[in-house]
Every structure is written in C-alpha cells, then in structure tokens.
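**Q** kindly return the folded structure for what I paste below:
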Amino acid sequence: MSGKETSTNNNSNDTQQLVFPFPYPTPWPIQQDFMTSLYTCLTDSHVGIFESPTGTGKSLSIISSALKWLTDQSAQSYNDILQTRIAAKIASLSHSLDDPSEPQWVRDLERKRIETDVKRELDDEIEAKRKREERLAKIRREEREIGFGRTKKRVKLSKSTPPKACDKTDDADDVDFLVDDYDSDEDSRTKKAMRVNGADSDSENEDQNDEDETFQELKIFYCSRTHSQLSQFISELKKTEYVESIKSLSLGSRKNLCINEEVLRLSSAPRMNDKCLDLQKDKGRKCPFLPKEKHPLRKFTDSVNAAVRDIEELAALGKATGVCSYYGSRNSLPSSQIVTLPYNMMLQKSTRESLGIKLKGNIVIFDEAHNIIDTITSIYSVTLELHQIQRAQFQLESYHKKYSNRLKGKNVVYIKQILILLTALQLQLEETNKSAPPNPKEGFKSKQQQQQAPFKSSSDFVNDLRVDHINLFKICSYLESSKLALKVQGFTEKVKVAEATVSNDDIFVARHIPALQQFQTFIQSLLNVSINGRIGIVTGDLPQNTHFKYLLLSPTDVFQEIVAEARSVILAGGTMEPMSEFKSQLLDFLPETQIDMFSCGHIVPPSSILTVAVPVGPSSKPLDFRYETRMNDDLITELGNSVFSLATVIPHGVVCFFVSYSYMDYVCSKWKANGVLGKIETKKTVFFEPRNARAVDVCLAQYSEAIANPNKGNPSGKRTGSILFCVVGGKMSEGINFADEMARGVIMVGLPFPSKTSPELQEKMRFIDSRAAASGITSSEYYENLCMRALNQSIGRAIRHKDDYAAIFLLDKRFTGKRVREKLPGWIKSATVHDVETFGAVIGKAGQFFRAKKA
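**A** Now for the predicted structure:
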C-alpha cells in the first residue's frame, strides 16, 4: 500500500468502518479519521506523521487506535501465531530450506525441528502468561477489596530490618583492575561495550527476568518530552476500557522514582545517581529497598502491571511494598504492553540498551514530536571539557604507573596512544585559552570573545591535533573490548587517587562515572560519517570551562536505526507543519510509499478564535521587534501601552510571550522605570515565568488564583484578572494547559528567530544549503521554520477544548507579511487572521469578540 496524505476534508465513507472502543459515546469526526488513519498506518508497518491541534483529543485518539491495534494483534488465533513464527524462524536462517543441493529428507528434518521448537516455545509462553494473568487478577481483587494504601502494613518488617553491617574487608586484589591480555585487533569475541552515557554501571546488570517469564509482550512505546505530558497520557489511558486489562509501565529517572530519602534530598540528578550507586557499593549499609531475592521483585512487577499507574503512583507502590521503584520498574519491562518514557530514553541508543528496550516488531510513538530533530541533534552532540581531560589523563597516568610492568600484549601500546591523544586535546584547549586575553570586566573572556573556532570535519580535526598516525578505530575497539574506563575507575576508587584539576565548586564531578567515559564517547563521535558532524572549540568564562564540541548535523542515521528495528514509528503533534522538513531531514532514507501523513483542523468553530496582526501601537508608531531595533526606548514604551490597552479589554487571564528571558527582563525593567508596569498592574496582577522549573507549579497556582479572585484583599480594586509574562521555548510554552479563563488572550511580542551569531546554527545552515538540491529545503527556509515552529507551539496554548475561546494578538509589523502568514497553524489561518491599520481597530475587534462571547 502506498504512503498517504490525509486531511479531514477529503475522507471517504470507508473511514467509518472501524469501530474503536472510545470512552465517550461518539468520537468527533476528526477523531474517527485520526484513529482510522493511525490504525491503518500501524497495520501497514509504515512511518506516520500525524498533526492534530491541541484540544482535539489527540492523546485519546492515539490510545484508542493504538490499543485496538494491539489487542487485535494479540487476539490472533493460535495457529496464525504459530505459522507466523515458524515462517519468521525459517526466514532468519543463513541458508534456504528450499536449496536443492541438500537432500529432501535433511530439509524436512530441519523444518520439523523448527516447527517443534517454535511450538514448544509458544506453548511455554502461553502457559507462563496464563499463570501471570492469574496472579494479576488476584492483585486486582485485593486492591479493589482492601485498597492500595493498606498494603503498607505488610511491608513494615522489610523496612525496619536493614541489612546487617558487613566487616570491611579487602576482597578485591589489585589484579582485579588489570585489563585482560589484548594481542589481537581482530578479536571477535569481545563482549558488548560499556554502556556509554548510561551512567548506571555494573550494579544495574542484574537478571531482570524470572525463570518462568522470559517472553516479551508485544509493545507500544509512547514517548513524550516532559514528565507532565506522560502523566497526562496515563490519565487519558485510565478513561478507556483498557484500564482493566492492559499491562502498562511508566519509566522514569531516579529523580521521579527513587524512594530512598537519603538520595531524594540531594539537589541534582547527577548527585542523586552518584549517591544511589554509593549505597549499592557500600557493604556496611546498602540501600534497604534493593531486594536480594527474586520473590519481592516479581511481586512488585506483578503489582506494576496489575493497574495503570503514573510515575507518582509507581513511586508510591515502591514505598508501600518496600521495593525500589527505579530498578523494579525496569524488571517490569518485558511483561508490559504499553510503556511510557521520556524522549531521551528512546532516542539514545546506549540508554535503550542499558534499559533492555527491544524495538523489534514493536510500535514507537513520539508525541509532541515537533522538535524531535533538534532533540536528536542535542542528545548526540558531545562536549569534552578541559577538566574532564585533565582528570582522565591524571587517572590513566596513575594507572599506567602502577601496572606498567604487569600489563601484557598491546595494552601498553594502546594506553600510551590514549595518553598521547589526551595530551594533544589538552594542549589544544590550553592554546585556545591563551589566544584571547582576559577581560577584567567580564571575566576570562568577554561575550564578544566567547566565539568558537571554526567547526571542522573529523578528519581535519584529527590532522590539526597531529595525531593522524593513531588509528582511532582501533582505539575505540580497544576501549570497548578492554573496558579500560571501568578498570581505571575501579582502580581510582580503590586507591583513592587524588584529582589533579583546577578546583571549581560549580563543577560537579560524579565519582561513579568513569573519567575516561566522556573521552571515549567523544572519540566515538569522531568516527561518525564525516559529512554528518562537525567539531569546534567553545571558550568559556573560566579556563577550565573551555571545551570541544561535536555537533551532529544530520539526525537521519540515528532515527533510521529506530525505524529499521520497530514495526512502525509514529510522529504526532499539534503543530507538525511543515511536514516536508521531517521527510527531508529525518526520513529521507524511506520511499514516499512508506510514509503516511495526516492533518486535521481544529474542533472549535472559527467564531471562537480571534487572531489579529498588530503592526502599530496606540501612538501609531510601528511595532518593529527586529534585533536591530527592539531595544529602542520609544518602541518599548509603545509596546507597554499596547499591552496595557489589551489587558484592559481582555477578561480574566492573559499570557504574553517574549522572544527570550533577557529581552523580557530588559523590557520589564524599562516599564518599571517609566511607570508602564504600574499601569498594567492596575488592570491585571502581574506574574513572570520563573527560570527555576520547580517554581513553575507555584507560579501557575498563584496566577490561577489571581484570575479567580482578582481583587482579593482589595475590594475597591479594578483588576479583571492576571497577566503572565513568559518566553517562547520556555517552561510555559508547551505542555502547560492554559484552558478557559487561564488564557482568554495570548499576546506574541515579535518573532522568535534564533541568533544567527550562534556558530552551531551557522554550521547547521551551511550543512542545510549543501544538501538543498536533494532535500528541497534551504537554510533560510530552515531558519524561518525554527522560528515559526516555536511561535506556533506557544500560541497553541490558547485553545484547549471544543468549548474554549481566545483572542490572539501578533505584535509586530512582520506578521502582515505573506511568508510568515503562510506558516501559521492551519486552524488559525482557517479562522482568518485580521489585518488592521490602526490600534483602535484592534481594540474594537477585541471588544466586539469578547462581548459576543459574554452574551
């Protein structure tokens, strides 16, 4: 079946044939179309790009369609499953059973053996599933009868009886840290490489499968960007009929799932990871929540799958049972049917491997996928800092000095070559630091001086290091097979090697992440296809912050691995246009016939959306927020008076987006000085988006309270609600539900174009232009798309459901231009973007719109 482009305007009647279990009496037509197209895409094993605006029930449509497909697959007859597996087993053979050179009786015998083995495996799997379903049913009955919270009474014993302290003995001799003999560069027997970037080392390699449950359930992996988006998905899942039968799992970080108070009180994820590993290695007082026996872990796994739980409920389950939720959830992975997890866990290959995620034959859904290209680029862009090089070099030199006479084979040769590489890298960064004199006013280097050296290809970078005589492929192979980084780390922890780096309290150094690990990751990045990556030097405000940066320019190879393994991959979002960019930058390896695209309009009628392009302010001064003019005092005052006038006519809540934190701070400081901010405060209680993510919920709660009670404590006041100043691409621009009174008005100040002075962006744009003939995307179009995608995501906060309404004001004369207008969301364009010549006309349209809604 060929790839399809579907919109809600050209559906035929056959799209109504599929019936989906939906939690409400009748799905909307656009939901039915979405579910049908998604089901078809999964059935055809295609890659799908699905766009459905916020408020159209996208999450519920994904759940209903994907889980119907999953249950339909699981409901296949025994014989169908058996024949499918036999055919797959035969197809995987290195030789053909139809080869006439082999005697017929030999081929028949092998075919019979395969059929017998597959049948036995399937029968064992069915029996294991039956036993497990009986255990899950028992747990569900218990939770219904006695309640989840009462299970805490049964685990007091395990909590109050921590393991006895062990005598500290020297149970590891120095020989444990010697790398094995390494005499062959072609050793094919090497074990799988250390989990680069996994951060969770040997302590996480426990057997995760119980003896009777080695089978893997068919799975749907649902990935999104933030914890709140994943929790919202689980909330929608609980509304469906699948809540009683589906085996779900929420994967998260220690920050979300750890139940040890000693770890939870720490301030950052790296420190939490380090403390957790400390408690696992400390024989005197190991973490009491890591069970030594399989039974508590299996019971926890059953409890996880017995009910649909979000991250918070999973952590509560861990506390109730006395089993670590972080490691226990990983043990539940094979038996789960739907797994929710953050983007980075799925996109980073090393993390997938360390978690035991198997994609073959399964479905992967990326929701909020509008910025997946940038996310992949960020994840696979590698930095190597000066202090990391210094630390790795010092530790490796200490290791070499200790064992030089005992190392055999080519170990000495390779360790010396690695030391040469580390020295060369350190010298280049130190020379870069010396090339620019310090600026006494702004620290080590001024912001103008904080430029990167030109980005280079991997080959040019290696030549400039003058280490082109060293074979980096062999170095990487040696690091992987010898596990040198882990050996050196173990030696360092054992003998407590002192660090020889510049002291800086702002730099946290994780004790349990090998110092050589980041070096190994960086060297591996140099081996990527040269055309897809570049390397440069970034200078910092302090010498030790200067670092190398590997910049991934094309995410295609990374994404191709996921597509090649999975049965089907879905990219879904509220704002996916231009879809052509996903095809050219992410999916150019696929034929058009393998890509399905779906887009629908908004559920709200055009009369519920007012969008106005505002080119001038109250004094008729042009609103021009280009970088060259936006700091003008008169323009900032005009902007303040515009916001004040709009705040006067917009009821309840107003969300006003700036292009950056620095510009928001600058503008508001000017308003405070000239009295404009005081004027705004007479109409709305003013709030600012916090930079600290932990303060977001508090800020939103106060903002909402000020909308509900605008004159609380001041009965004579004339405030009509509150206004929240925030930033495009910030914490409020996606994943936050500004429904109803929370955002009756959205104000966009300027166009959020990224800075063209960024060397990374310049390099990316050069790369885009080099491929423009084949991809059809130029650097200028890519630059515009970056801006418009961020803008569209922000203004999409306004409409959250079918009965919602809001006014959107686009403050900048550039919003009258054709190119900008064409890239606004379809649901805004279909409702019409109004052009006005005077600011008075803006206020008139706003007043008319809100009076009509009040009537």
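
**Q** what residues are up against His547?
**A** Thr383, Leu384, Glu385, Leu386, Leu429, Ile537, Val538, Gly540 (CB atoms under 8 Å, 6 or more residues apart in numbering). Glycine gets a C-beta too; all of them are placed from N, C-alpha and C.

**Q** hmm, 10 Å instead?
**A** By CB atoms under 10 Å, 6 or more residues apart in numbering, the residues touching His547 are 382-389, 429, 432, 522, 536-540.

**Q** Leu230 too?
**A** Contacts of Leu230 by CB under 10 Å, 6+ apart are 222-224, 250-252, 256, 310-311, 340-342, 367, 735.

**Q** ok so, going back, who wins on neighbours among the contacts of His547?
**A** In terms of neighbours by other CB atoms under 10 Å, the contacts of His547 top out with Ile389 at 28 neighbours.

**Q** beyond the lowest-mean-pLDDT helix or strand in the chain, next helix or strand please.
**A** In the chain, no helix or strand scores lower on mean pLDDT, DSSP states H and E than helix 156-160, which sits at a mean of 37. Next along the chain after helix 156-160, taking DSSP states H and E as the criterion, comes strand 220-224.

**Q** list the strands paired with that next one, with their directions.
**A** According to DSSP bridges, strand 220-224 forms sheet pairs with strand 338-342 (parallel), strand 363-366 (parallel).

**Q** any idea which of the ones you listed gets closest to Val263?
**A** strand 338-342 (19.4 Å; CB to CB).

**Q** now the element after the closest one, going C-ward?
**A** Following strand 338-342 toward the C-terminus (DSSP H and E): helix 343-347.

**Q** which positions within the helix or strand just after that following helix qualify as buried?
**A** Going down the chain from helix 343-347, the next helix or strand is helix 349-355, by DSSP H and E. By neighbour count on 16 or more other CB atoms under 10 Å, the buried set for helix 349-355 is Lys349, Thr351, Arg352, Ser354, Leu355.

**Q** just name the closest of those residues to Ile415, please.
**A** So of the buried residues of helix 349-355, ranked by how close each gets to Ile415 (CB to CB), first place is Ser354, at 26.1 Å.

**Q** shaky segments in this structure?
**A** By pLDDT under 70, the weakly predicted segments of the chain are 1-16, 146-176, 182-214, 267, 282-284, 436-453, 496-512, 529-530, 735, 855.

**Q** in it, which helix has the most residues?
**A** For the chain, the longest helix by residue count, based on DSSP state H, is helix 104-146.

**Q** check the offset of that helix from the chain's centre.
**A** Its chain's C-alpha centre and that of helix 104-146 lie 35 Å apart, by CA atoms, centre = their mean, to the nearest Å.

**Q** one step back: among the buried residues of helix 349-355, which two are most distant?
**A** Top of the distance list for those (CB to CB): Lys349 and Leu355, 11.0 Å.

**Q** need the contact list for the nearest residue to Asn371 once chain neighbours are set aside.
**A** Leaving aside its chain neighbours, Asn371 sits nearest to Arg789 (7.0 Å; criterion: CB to CB, 6 or more residues apart in numbering). If a contact means CB under 10 Å, 6+ apart, then Arg789 has 370-371, 373-374, 573, 575-578, 581, 729, 752, 823 as its contacts.
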